[in-house]
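A.B. asks: sequence and predicted structure are below.
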Amino acid sequence: MKIRRFYYIVCSLLLLANISCNNSNAKNTSNVDDFKVEANYLTELAKENLSIINVCKTLDTLSLQEELKSTVDTIKEEQNKIQDNIKQLADNSIVLIANTTDEEYKVVDSLTEDTEEVKKALEFIQYKRERQLQILDSLEKIESDKRTKKVADDLKKTIQSNIYITKKTLERLK
């Protein structure tokens, strides 16, 4: 009788331990998957941002009207701040992102002062910003850290403000 009871207790403990390990492995797998998705979003966000910065650098080389040059400088300055915030998010998540404007992120080789080309460059910037907003929305959906959500929300507000500035500039160029 004692042996049977002992056998029953040992089997029960082994079963519980097995169930516990399976649940723990499932949680760890889920955390790793979330981390991979978050890392992917942050990398994409940084790439989009570096593309915008490179277009602004190319626009800086042109002899543009003072108002347009001021808009491009504002965009570039804001995008550099956004890059710093993206880096902060990545550091919090222990994710390495590109923080350089190498040729890999260069999307425009050359531009002329032609108004149509400048408009296309600004429209490209608008597209990239819309893409950044989509990425931030996706990141907020999977992220549970309140600090990360706050930084992402602040980034969205900054990007939306920049979209408005560029939209007004595009309207003046028409």
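C.D. replies: Yep, it's here.

A.B. asks: residue ranges for the helices of the chain, please.
C.D. replies: Here the chain has its helices, by DSSP state H, at 2-60, 66-92, 115-142, 146-173.

A.B. asks: where among those is average confidence lowest?
C.D. replies: The stretch with the lowest mean pLDDT among the helices of the chain is helix 2-60, at a mean of 69.

A.B. asks: picking up where we left off before, CSV for the helices of the chain, including mean neighbour count?
C.D. replies: Any C-beta I mention is one placed from the backbone N, CA and C, and that applies to glycine too. Listed next are the helices of the chain as CSV, based on neighbours: other Cβ atoms under 10 Å:
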stretch, mean neighbour count
helix 2-60, 14
helix 66-92, 17
helix 115-142, 17
helix 146-173, 15
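
A.B. asks: ok, residue 154 - contacts?
C.D. replies: Contact analysis of residue 154 by Cβ atoms under 8 Å, 6 or more residues apart in numbering lists residue 85.

A.B. asks: what about it, distance to residue 60?
C.D. replies: Separation of residue 154 from residue 60 (Cβ to Cβ, to the nearest Å) stands at 26 Å.

A.B. asks: do residue 85 as well
C.D. replies: 22 Å.

A.B. asks: and for residue 125?
C.D. replies: Residue 125 sits at a distance of 13 Å from residue 60 (criterion: Cβ to Cβ).

A.B. asks: got it, and residue 161?
C.D. replies: From residue 161 to residue 60 the distance is 21 Å (Cβ to Cβ).

A.B. asks: equivalent analysis for residue 50, please.
C.D. replies: From residue 50 over to residue 60 (counting by Cβ to Cβ), the distance is 15 Å.

A.B. asks: same check, this time on residue 130
C.D. replies: Using Cβ to Cβ, residue 130 is found at 23 Å from residue 60.

A.B. asks: all set, thanks.
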